[in-house]
Every structure is written in structure tokens, then in C-alpha cells.
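Participant: pasting the structure only:
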């Protein structure tokens, strides 16, 4: 019977990550994926972020850019919170502007005394990338 999937990241000398998936049920299967998407031109606003995503690869593909916020340390929140994402399909060598909106609630935490969402004041870190461990762009927003 199958015992699960093991996810390992092997990083060769040129620092391109290759996710390796091992099927413990039967055979060894290896899926190699070279990261060729380029994130550039980050524009940050309280209403959202925009950036350019480019497929530098030789084949058409898709990426799911993710937007994370890092709350001010005084809020006591986790270091990165996922606030949005957008699947983007690009032909080989194509670029597109990606917009991910933000709402006031994205900058809020639950206030137990007021029993309501309250916007946190301070400087928020903005992270955009392929995952929380693969951040390609960063900036700040002050609330």
C-alpha cells in the first residue's frame, strides 16, 4: 500500500530548484521542473500590487504568483500571510502584467476586546513569489 509522497528540493550549483517527487508505492518517479519565470517591476499600493511576469522558457506554461503580507512585529502575527494569488498562463517568451488586489481586511486582525476586525498600524512587508519559500519581489506598505 502507498505510504505517501516525499517532497525534496535539490539545488544544483546554478541555484535553480528542482522539485523531486518520490512515489513510495512502487517505482521511483522523478519530475524535474526548471524555474524559468521572471518577476519584475513591482508596484505596491494599499489597494493591491502589480508586477510583470515573464516566461523565459522555451515552452508555454503557467505560474501561480502569490502575494504575502508580513505584519508589523507589534501585531504578533506569523511572518508571512497569504493574501492573494493569480494563475497566469504565458506563451514562451511572453510577458504579462499581473494585478493582485488587497482589501482593508487584509491589513486587519481580530480584536477580541472589540469583537471586530481592526486595521493594524505600521509598516507591512510585501512579498511576491512562486511560494512562501521562493520570494522573487518585496516591498513595503505603511498603514
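Facilitator: Received it, and whenever you're ready, just let me know what you need. Everything quoted here is computed from the prediction, not taken from an experiment.
Participant: looking at the sheet around the residue nearest the centre of the chain, what are its partners?
Facilitator: By C-alpha atoms, centre = their mean, the chain has its centre lying nearest to residue 66, at 3.0 Å. Bridge pairing for residue 66 (DSSP bridges) gives the partners residue 85, residue 129.
Participant: Could you check how far it is from residue 136?
Facilitator: Here the distance between residue 66 and residue 136 works out to 10 Å (C-beta to C-beta, to the nearest Å). C-beta: built from backbone N, CA, C; applies to glycine.
Participant: repeat for residue 121
Facilitator: Residue 121 is 28 Å from residue 136, by C-beta to C-beta.
Participant: between the two, who's got more neighbours?
Facilitator: residue 136 (18 against 12; other C-beta atoms under 10 Å).
Participant: Pretty sure the more buried one sits against residue 126.
Facilitator: No. The pair residue 136 / residue 126 is not scored as a contact, 11.9 Å apart, by C-beta atoms under 8 Å.
Participant: Could you pull out the strands in the chain for me?
Facilitator: Here the chain has its strands, by DSSP state E, at 5-10, 18-23, 37-45, 48-55, 61-63, 66-70, 81-85, 88-90, 95-101, 108-111, 116-119, 123-131, 134-142.
Participant: can I get those in CSV with mean pLDDT?
Facilitator: What follows is the strands of the chain, written out as CSV (pLDDT from 0 to 100):
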stretch, mean pLDDT
strand 5-10, 46
strand 18-23, 47
strand 37-45, 91
strand 48-55, 96
strand 61-63, 91
strand 66-70, 97
strand 81-85, 97
strand 88-90, 93
strand 95-101, 96
strand 108-111, 95
strand 116-119, 96
strand 123-131, 96
strand 134-142, 96
